[in-house]
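Colleague: Structure for this input, please:
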Amino acid sequence: MPRPNTDDAREPTPASIRLPAGNLPPELVIEPVLEPRTVFRVTFATGSHDRMALLRSLSSNRELGQKPRKIERVYSVLHFALSTWTTEEAAYANAHAWPKNGDHIARLDLTPGLGICVDRPQPESEHRSLWSVPDQVLLCVTDLKRA
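Modeller: From the prediction side, this is the model:
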């Protein structure tokens, strides 16, 4: 049986899911983190010593046993994602608008090779959905601040 050519270093093709017309985006594009990037996550963890709270905040609604809500009912793949923000300011605004999400901000310096994927939403959006397992995302936490 022939072996696959491992010299062929093709970049993975993003998965694209077409969505219905309306207030929802027309498509959801999910792509692996291929270059370092930073996002921010609202959390109740107060420091790196608070490992259990950090892991919980880096778990998807699905992993936490919650039922799908809002857009997750239409696009089930989002039930497996974390909400993150491209700027610290947007994360602070989210934390203050919805205190039930947390009172601290975790800086996540995402690196290639950890199996982390993010969406590519509309350019004006500061929100990014992120897919991974909590232990992998935990490796990317570089700072925690009070919101």
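Colleague: which residues does the residue nearest the centre of the chain form a beta bridge with?
Modeller: Centroid-nearest residue in the chain: Leu130, 1.9 Å away (criterion: Cα atoms, centre = their mean). Beta-bridge partners recorded for Leu130 (DSSP bridges): Leu82, Val118.
Colleague: all strands of this protein, in order?
Modeller: 15-18, 27-32, 37-43, 82-85, 104-110, 117-119, 127-131, 141-146 (DSSP state E).
Colleague: Just want the angle from the third one to strand 127-131.
Modeller: Angle, strand 37-43 to strand 127-131, by axes from the mean of the first three to the mean of the last three Cα atoms, to 10 degrees: 90 degrees.
Colleague: Can you get me a residue count around the closest residue to Val29 other than its chain neighbours?
Modeller: Distances taken as Cβ to Cβ, 6 or more residues apart in numbering place Arg120 nearest to Val29, at 4.3 Å, with adjacent residues excluded. Backbone N, C-alpha and C define where each C-beta goes, glycine included. Applying other Cβ atoms under 10 Å, we find 15 residues neighbouring Arg120.
Colleague: same deal with Ser129?
Modeller: Quick note: Ser129 (other Cβ under 10 Å) scores 21 neighbours.
Colleague: just Ser83 next, same as before
Modeller: The burial count for Ser83: 17, using other Cβ under 10 Å.
Colleague: what does the one 10 residues further on give?
Modeller: If you count neighbours by other Cβ under 10 Å, Ala93 ends up with 15.
Colleague: now do Val141
Modeller: 18.
Colleague: list the contacts for the residue nearest to the centre of the chain?
Modeller: 39, 81-84, 108, 110, 116-119, 137 (Cβ atoms under 8 Å, 6 or more residues apart in numbering).
Colleague: thinking Met111 is in contact with Pro36, fair?
Modeller: Just so we're on the same page, residue 111 is Thr rather than Met. Yes: if you go by Cβ atoms under 8 Å, Thr111 and Pro36 touch, sitting 5.5 Å apart.
Colleague: Neighbour count: those two, which is higher?
Modeller: With neighbours defined as other Cβ under 10 Å, Thr111 and Pro36 compare such that Thr111 has more, 14 against 10.
Colleague: For Pro121, see how far away that one is.
Modeller: 21 Å (Cβ to Cβ, to the nearest Å).
Colleague: longest helix anywhere in the protein?
Modeller: Using DSSP state H to assign secondary structure, the helix with the most residues in the chain is helix 88-97.
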